[in-house]
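Undergrad: Give me the fold of what follows.
(one chain, ligands or ions: 2)
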Amino acid sequence: MSKIRVVVAGPRGKMGSEALRMIRKDDSLELVACLDRKNSGKKVSEVEDLPSFDVYIYDDVVECFQAVDADVLVDLTTPEVGYIHTKAAIEHGVRPVVGTTGFTKEQLEELTKLAEEKGIGAVIAPNFAVGAVLMMQFSKWAAKYFPDVEIIERHHDQKLDAPSGTAIKTAELIQEVRESKKQGHPDEKETLPGARGADVDGMRIHSVRLPGLIAHQEVVFGSSGQNLTIKHDTFHRESFMSGVKLAIDQVVKLDILVYGLENLLD
Ligand SMILES: NC(=O)C1=CN([C@@H]2O[C@H](COP(=O)(O)OP(=O)(O)OC[C@H]3O[C@@H](n4cnc5c(N)ncnc54)[C@H](OP(=O)(O)O)[C@@H]3O)[C@@H](O)[C@H]2O)C=CC1
Ligand SMILES: O=C(O)C1=N[C@H](C(=O)O)C[C@H](O)C1
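TA: Ligands and ions are numbered 1, 2, ... in the order given. I've put the predicted structure just below:
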């Protein structure tokens, strides 16, 4: 069977470098190029701390897709550039697997429509860790019985987007089963703006950013006389890689955009 030819965007990043290590170990995948705003024209092997892949780095996404034959783009960059890469990939027939978070609802809708028009598979997954996907699914189930819910997400202090993609996806899944409901006292007032967190249909999301953290989320449900807490912790970014691999294997068989890894799990 031929290998899946992969471009990685963001190879020097925390997630991108982990993805390169995963590809190095996997015989079914072949790295054909990287997209990076630094080191354009160099080979990956010439960049300090990166694995010794004999492939070129590009800073321009279109130039990259014109120069190499690629099946899949794995994007692990920033919301702004990730959106540009994803759109260009779909337009050039390269299937995107996107871990980058922080896309707007409008951008997700636009990319979904574009993928459908072009008949190109795409996966956008706010969280590739199977444990986090289960935490979101369990939360959706719990929300049927516990409509009062607050999401507390904790991340490292280098994170650009707040709330996290995982927290937004969790709230969206809960919204599917929960009627819109204002929580807390009807007359409550914030004496410091933001004290009650972000408001999604009355449920609250709180974002903590601290050095030492990686990615953590608690979904706390309250009801008379009882609380239920569903919690997931990420201690190493390797935990995301089996999900990235699953998405790469599946996206080559898709002809629509799928939002969330849960849609690819049995
Ligand atoms: N779906 C999931 O399971 C997960 C998703 N994420 C998401 O993945 C993304 C990356 O996270 P993380 O690796 O921690 O972040 P990092 O900041 O470590 O890496 C981002 C990389 O993108 C690069 N970059 C920035 N601008 C450009 C550009 N114009 N062209 C090409 N590359 C660029 C950065 O380069 P430079 O150093 O020059 O700034 C950096 O190397 C985030 O959106 C995060 O939320 C993270 C973990 C898990
Ligand atoms: O930036 C991160 O680190 C993470 N981002 C994703 C998110 O926004 O949910 C996934 C995970 O939480 C790590």
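
Undergrad: residues in the chain within reach of ligand 1, list them.
TA: If contact is defined as Cβ under 6 Å from any ligand atom, the residues of the chain in contact with ligand 1 are 9-10, 12-16, 35-38, 76-78, 81, 99-102, 125-128, 158, 240. Where C-beta positions appear, they are placed from N, C-alpha and C, glycine not excepted.

Undergrad: do you know how far residue 192 is from ligand 1?
TA: The gap separating residue 192 from ligand 1 is 27 Å, by Cβ to the nearest ligand atom, to the nearest Å.

Undergrad: what about that residue, which helix or strand?
TA: Take DSSP states H and E as the rule and residue 192 turns out to sit in neither a helix nor a strand.

Undergrad: Next, count neighbours for it.
TA: By the measure other Cβ atoms under 10 Å, the count of residues near residue 192 is 6.

Undergrad: same deal with residue 97?
TA: Using other Cβ under 10 Å, residue 97 has 31 neighbouring residues.

Undergrad: so it makes contact with residue 73?
TA: Yes - under the contact definition of Cβ atoms under 8 Å, residue 97 touches residue 73, with a separation of 7.0 Å.

Undergrad: Excluding residues flanking it in the chain, which one is nearest the closest residue to ligand 1 within the chain?
TA: Here the residue of the chain nearest ligand 1 is residue 13; by Cβ to the nearest ligand atom that distance is 2.2 Å. In space, not counting the residues next to it along the chain, residue 13 is nearest to residue 76; the distance is 5.8 Å by Cβ to Cβ, 6 or more residues apart in numbering.

Undergrad: Now do the contacts for the one you found.
TA: With contact set as Cβ atoms under 8 Å, 6 or more residues apart in numbering, residue 76 has these partners: 8-10, 13, 15-16, 19, 99-100.

Undergrad: Tell me the one of the residues you listed nearest residue 63?
TA: Compare each of those with residue 63 using Cβ to Cβ and the shortest gap goes to residue 9, at 13.2 Å.

Undergrad: Alright, I will stop here.
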